[in-house]
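[1] My questions concern the predicted model and sequence given below.
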Amino acid sequence: MEPIMEVLPGRMMTAGSSTTTTSVEEDISWDDWSPEINWNQVSTNPDYVFHNLTPHPADTTTNDAFPLADAFGTQGWACNTSSATNSITSASTPTDEPISASAPAVGDSMAFRLFHLLAAVAEALSIDKKNRDLARVILIRLRELASPTGTTDIERLAFHFTNALQSLLDSATSTPRGNNPHLLPSQDHYPPSDVTTAFQLLQNMSPYFSFGHLTANQAILEEISGERVLHVIDYNISEGVQWASLIQAISSAATGSSPPPHLKITAVANVSRRSASVAHETGRRLAAFAASLGQPFSFRICRLDHDRRFRPAAVKVNKGEAIFFNCILQPAQLDHCSAASVGSFLAGAAKMGARLVTLIEEVRGDVCAAGEHGGGFVGTFIDELERYVVFCESLVAGFPKQGRVREMVERMILAPRIAGAVRRAYGLHAGSDSVTEGITERMPAAGFDWVPLSFFNLSQARLLVGLFHDGFHIEEDAPNKVVLRWKSRRLLSASVWGVRRRGRCHGTVE
């Protein structure tokens, strides 16, 4: 068994057979897909959007390993086309421009000041309506001190948290969003190509997203030998990055005598049009990518009930399918990520006899429960602020001179998530059902057993993290679970579970 050591550069994958079957719920039109990003060069070929996107899991059926580096060159989201005429310069793509050495430094006193001003706004919003005027005054001061292009993490983060608090305050007082010229648009309002570019840049700066995807996909690959149809039911499809990697891994392992199995993905969406629209767009892109590799593929959408519960009857399953459930819990990004909704999804996995359940969960601190601010909205808000400070610290440590690159990532990827985190924190304060922390610890009581991670899986996780700054580490928290850390802060966990066969599921995870 060879060690997994091949890391650079990424390789180009060629398109597969024209007879490949790919399907979605409607015809696909590809007029506006994002261009290739090579830091400052783009390609206009939409069919290669997912090429070299994420690291390939190991192929345990042949005892060989797919090279991890396919995701970690500068290509990232797509492959260069052979024609030089297909490359253009993107005005929206940042170039390598370091922060000026002559820029004035912002000392710790300013960082503490911004931190306490943000906490003061949160405290004012958490008390009663009489304090909203105070919150507005503090927000005005924050706008004078914070900037999206500031020279320190806390300046830039303070700007995005200020926007999130302003939006929360305006919602509470019914102030139209359009009346506030300071607020940046949400991620949905940015051009898809720009968001794609920013996401690729983030993947080159941090293992945060690839870590969970790689671990889950490797566990799935180890269970598919001899299967003809794989059916993945995904609670949070998002941009579809995880499944682009799986598609490429399955296609790469196929031989003439052993064709690839058909991959079927069902994306869970809530009742809103926006949720279904995002899932449709992801499905179209994945279908085009699968077709370019000759990978049989189909895509469907399953809507939650009006109470945001998952119903197994809403999923079309054919006899002989190997079923896998995938659940990425990023509450700030998901409108339907409540404890009841997640519990119904996992209970559905037990009822449908899923082969595996892969669970990727953000690790949050305990400020809410025992912080000096007494918990509630203030405690949760401060925990989120500290979490994003740590995350941005890891980006700066790995790419200290990529000022404009970091600004793009923070504006298009982190800012919408910060806004969602603040809304969620306030929702908890208001008594909404959105507590999803600790789902992993509750899985055994709900009828799920550990599925130990393989040697290959652990090796790839270590190699992936080793490609980045040495402040990143992984912990083997349990035989079936690994945790990504930045220094002493736990960021993300990935675990693999199997449905307990005797007695099935003994309860929901709530």
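    Arrived safely, thanks for sending.

[2] Show me where the stretch 401-510 of the chain has its helices.
    Along the stretch 401-510 of the chain, counting by DSSP state H, counting those that start in this stretch, helices occupy 403-409, 415-429, 439-442, 455-466.

[3] Which elements pack onto the third one?
    Think helix 439-442. strand 356-362 (3 or more Cβ pairs under 8 Å, 6 or more residues apart in numbering; DSSP states H and E). Where C-beta positions appear, they are placed from N, C-alpha and C, glycine not excepted.

[4] and the strand it packs on, what other elements does it pack with?
    Looks like strand 356-362 contacts helix 208-221, strand 322-329, helix 439-442, strand 489-499 (3+ Cβ pairs under 8 Å, 6+ apart).

[5] Which of the helices of the stretch 401-510 of the chain sits closest to Ser257?
    The closest of those to Ser257 is helix 455-466. By Cβ to Cβ, the value is 23.5 Å.

[6] Direction-wise, compare that closest one with helix 208-221 and give the angle.
    170 degrees (axes from the mean of the first three to the mean of the last three Cα atoms, to 10 degrees).

[7] and helix 455-466, C-alpha only, in CSV?
    C-alpha atoms of helix 455-466 as CSV (Å, rounded to 0.1, in the frame of the first residue of the first chain):
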residue,chain,number,x,y,z
PHE,A,455,-6.3,4.0,7.8
PHE,A,456,-6.6,5.6,4.4
ASN,A,457,-9.2,8.1,5.6
LEU,A,458,-7.1,9.2,8.5
SER,A,459,-4.0,9.4,6.4
GLN,A,460,-5.6,11.6,3.9
ALA,A,461,-7.0,13.9,6.5
ARG,A,462,-3.5,14.3,8.0
LEU,A,463,-2.0,15.0,4.6
LEU,A,464,-4.6,17.5,3.7
VAL,A,465,-4.1,19.5,6.9
GLY,A,466,-0.3,19.2,6.5
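
[8] Just the buried residues of the host helix or strand of Ala291, please?
    Take DSSP states H and E as the rule and Ala291 turns out to sit in helix 273-293. Of the residues in helix 273-293, 275-276, 278-293 count as buried by neighbour count, 16 or more other Cβ atoms under 10 Å.

[9] so what's the residue lying closest to Pro296 once chain neighbours are set aside up against?
    Leaving aside its chain neighbours, Pro296 sits nearest to His262 (4.1 Å; criterion: Cβ to Cβ, 6 or more residues apart in numbering). Neighbouring residues of His262 by Cβ atoms under 8 Å, 6 or more residues apart in numbering: 21, 228-230, 296-298.

[10] Rounded mean pLDDT for the helix holding Ala291, please.
    The average pLDDT within helix 273-293 is 91.

[11] again with stretch 239-258
    88.

[12] can you pull the buried residues of it?
    Neighbour-count burial for stretch 239-258 [16+ other Cβ under 10 Å]: 239-253.

[13] Stretch 301-315 now?
    Applying 16+ other Cβ under 10 Å to stretch 301-315 flags 301-304, 308-310, 312, 315 as buried.

[14] swap in stretch 453-464?
    453-454, 456-461, 463-464.

[15] on that earlier part again, mind checking which of the helices of the stretch 401-510 of the chain is nearest Ser338?
    Ser338 lies closest, by Cβ to Cβ, to one member of these: helix 415-429, at 9.5 Å.

[16] pLDDT averaged over the closest one, what's the number?
    84.

[17] What would that helix look like as PDB? C-alpha coordinates only.
    Written as PDB, here are the backbone C-alpha positions of helix 415-429 (Å, rounded to 0.1, in the frame of the first residue of the first chain):
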ATOM      1  CA  ALA A 415     -19.900  38.100   5.600                       C
ATOM      2  CA  PRO A 416     -23.100  36.200   4.600                       C
ATOM      3  CA  ARG A 417     -22.300  33.500   7.100                       C
ATOM      4  CA  ILE A 418     -21.600  36.100   9.800                       C
ATOM      5  CA  ALA A 419     -25.000  37.700   9.100                       C
ATOM      6  CA  GLY A 420     -26.600  34.200   9.400                       C
ATOM      7  CA  ALA A 421     -24.800  33.500  12.600                       C
ATOM      8  CA  VAL A 422     -26.000  36.800  14.200                       C
ATOM      9  CA  ARG A 423     -29.600  36.100  13.100                       C
ATOM     10  CA  ARG A 424     -29.400  32.600  14.500                       C
ATOM     11  CA  ALA A 425     -28.000  33.900  17.800                       C
ATOM     12  CA  TYR A 426     -30.800  36.400  18.100                       C
ATOM     13  CA  GLY A 427     -33.300  33.600  17.200                       C
ATOM     14  CA  LEU A 428     -32.000  31.500  20.100                       C
ATOM     15  CA  HIS A 429     -32.500  34.500  22.400                       C
END
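
[18] which helices and strands does it pack with?
    helix 153-172, helix 376-398.

[19] Mind telling me which of the ones you listed the model trusts least?
    helix 376-398 (a mean of 89).

[20] now it against helix 415-429, angle please.
    Here helix 376-398 runs at an angle of 160 degrees relative to helix 415-429 (the same axes, to 10 degrees).
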